[in-house]
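Trainee: Below is the sequence, then the predicted model.
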Amino acid sequence: MAIADEGFRRQTRREIAAGIFALPLVTSACASRLSVSEGWPLWTVEKNGTRAYLTGATPSQKADWHQPHIEAIADSCNLIWTETNQTSRGNMRDVIMRLGVDASAPLSERIPAADWVRVKAAAALNGVAIEDIDQLRPWLAAHTIGEASDESRGWGGETAETVIAVAALQAGKEVRSEFPFQEDIIEWFGKMTAQQSLEFMRFTLDEILASASDEAAKFDAWARGDTKPATDWMLNARTAYPAFYEAAVIKRNRDWVARFDSVVSENKNAIAIVGLYHLVGPDSVQENLSRMGFAVRRVVV
């Protein structure tokens, strides 16, 4: 989804710089009045008189992400929710070795032959040596090739999550994350079943082997406010990769309800930034919130 984490790798590659709109007025209620125009998708989430905001992040692109109107909303909030952050417990290598490496047999013998053909094609396309991924579990092999793909495409800009979180921390504001430590992301991947790991690899290879122009067009559409390309992508994933989709989308999106409940109970002025793929389709974060009594509305900014 980014999806998947969109975190261990994609959270650091999530946005397109776009938009030059500014808010005419920002209040302590996280921007209660907004100018009207087309732009980056944004939602209000309300319950019991408390309003929060929700927006999506694309994978990082060539330029750093900037959306002045959303950055202004974030500046007015006292709590930022993200998927991941850059904090480590200091044992990253140990966790990766424990959960990401499988030396029982070469990767080529642990996945179906058709998948191995695609892995070799993606690795060759992005300059990844087979010996560098041959002892990795499918999810980590996909991550490794994905990182190389981002680099080859020149996608190294700061994402929406990073831009907003860094600004908040510099201002002394509270930032909470779905995965409080980088090791937690690896632990999440490590708990996947063999089928989920294989399907994540396939999902990631779909992105890697797609043309850079097609991928960029999907994210450009998001920046304009058009969520259909991302929705279509995830509807396909829902059908093609049901085991991975269950873990990465259905369960994780459902868990965001409790986080917004905490925003309400603590009466916080908050904005949450999640990967764009969590905000589309019938299992989106918004659908889960609506089912639990939140009023969720798309804001045209």
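Mentor: Sure thing, it's come through. Numbers count the residues shown, from 1 in each chain.

Trainee: only C-alpha atoms for contact and neighbour calcs from this point on.
Mentor: Noted.

Trainee: how about the helices in the stretch 201-301 of the chain?
Mentor: All helices of the stretch 201-301 of the chain, identified by DSSP state H, counting those that start in this stretch, fall at 212-224, 228-240, 242-245, 252-265, 285-291.

Trainee: Residue 65 versus residue 128, what's the distance?
Mentor: Remark: distance between residue 128 and residue 65 (C-alpha to C-alpha, to the nearest Å) = 28 Å.

Trainee: do residue 122 as well
Mentor: Residue 122 is 27 Å from residue 65, by C-alpha to C-alpha.

Trainee: what about residue 216, neighbour count?
Mentor: By the measure other C-alpha atoms under 10 Å, the count of residues near residue 216 is 15.

Trainee: follow-up on the earlier one: would you mind telling me which of residue 122 and residue 65 has more residues around it?
Mentor: Remark: of residue 122 and residue 65, residue 65 carries more neighbours, 26 against 22, as counted by other C-alpha under 10 Å.

Trainee: does the more buried one sit in a helix, a strand or a coil?
Mentor: Under DSSP: H, G, I helix; E, B strand; the rest coil, residue 65 falls in the coil class.

Trainee: pretty sure it contacts residue 159?
Mentor: Yes. Assessed by C-alpha atoms under 8 Å, residue 65 is found in contact with residue 159 at 5.4 Å.

Trainee: Got the phi and psi for residue 176?
Mentor: phi -110, psi 150 (degrees, to the nearest 10).

Trainee: start the count at 22, not 1, going forward
Mentor: Sounds good: first residue 22 from here, last item residue 197.

Trainee: show me what contacts it?
Mentor: Residue 197 makes contact with 100-103 under the criterion C-alpha atoms under 8 Å, 6 or more residues apart in numbering.

Trainee: Using CSV, lay out these together with distance to residue 312.
Mentor: Putting those into CSV (distance: C-alpha to C-alpha, whole Å) gives the following:
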residue, distance to residue 312
100, 24
101, 23
102, 21
103, 22
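
Trainee: Now, those residues that are in strands?
Mentor: Among these, DSSP state E puts 100-103 in strands.

Trainee: Please check these and keep the buried ones.
Mentor: Using 16 or more other C-alpha atoms under 10 Å as the burial test, these include 100-103 as buried.

Trainee: Which residues does stretch 245-260 contact?
Mentor: So stretch 245-260 is in contact with 22, 59-62, 224, 239-240, 242-243, 266, 297-298, 301-302, going by C-alpha under 8 Å, 6+ apart.

Trainee: From the residues you listed, pick the one nearest residue 118.
Mentor: Distance to residue 118 across these (C-alpha to C-alpha) is lowest for residue 224, with 23.0 Å.

Trainee: Burial check on that closest one, number of neighbours?
Mentor: Neighbour count of residue 224, defined by other C-alpha under 10 Å: 23.

Trainee: Is residue 76 located within a helix, as I assumed?
Mentor: No. Using three-state DSSP, the assignment for residue 76 is strand, not a helix.

Trainee: ok, which stretches of the protein are strands?
Mentor: Assigned by DSSP E, the chain shows strands spanning 63-68, 71-78, 100-103, 195-198, 291-296, 316-320.

Trainee: Residue 216: which of the ones you listed is closest?
Mentor: Per C-alpha to C-alpha, nearest to residue 216 of the strands of the chain: strand 291-296, 22.7 Å.

Trainee: So for the residue sitting nearest the centre point of the chain, what's the pLDDT?
Mentor: Centroid-nearest residue in the chain, with C-alpha atoms, centre = their mean: residue 296, separated by 2.8 Å. You'll see residue 296 listed with a pLDDT of 97.

Trainee: So what pairs up with it in the strands?
Mentor: In this entry, residue 296 is beta-bridged to residue 78, by DSSP bridges.

Trainee: Can you give me the distance of it to residue 214?
Mentor: Distance from residue 296 to residue 214, by C-alpha to C-alpha: 22 Å.

Trainee: Could you find the closest non-adjacent residue to residue 62?
Mentor: Distance criterion C-alpha to C-alpha, 6 or more residues apart in numbering; nearest residue to residue 62, sequence neighbours excluded, is residue 246 at 5.2 Å.

Trainee: what does residue 108 give?
Mentor: residue 202 (5.2 Å).

Trainee: cool, and residue 309?
Mentor: The spatially closest residue to residue 309, leaving aside those adjacent along the chain, is residue 275, at 5.9 Å (C-alpha to C-alpha, 6+ apart).

Trainee: residues near the one you found, how many?
Mentor: When neighbours are counted by other C-alpha under 10 Å, residue 275 registers 18.
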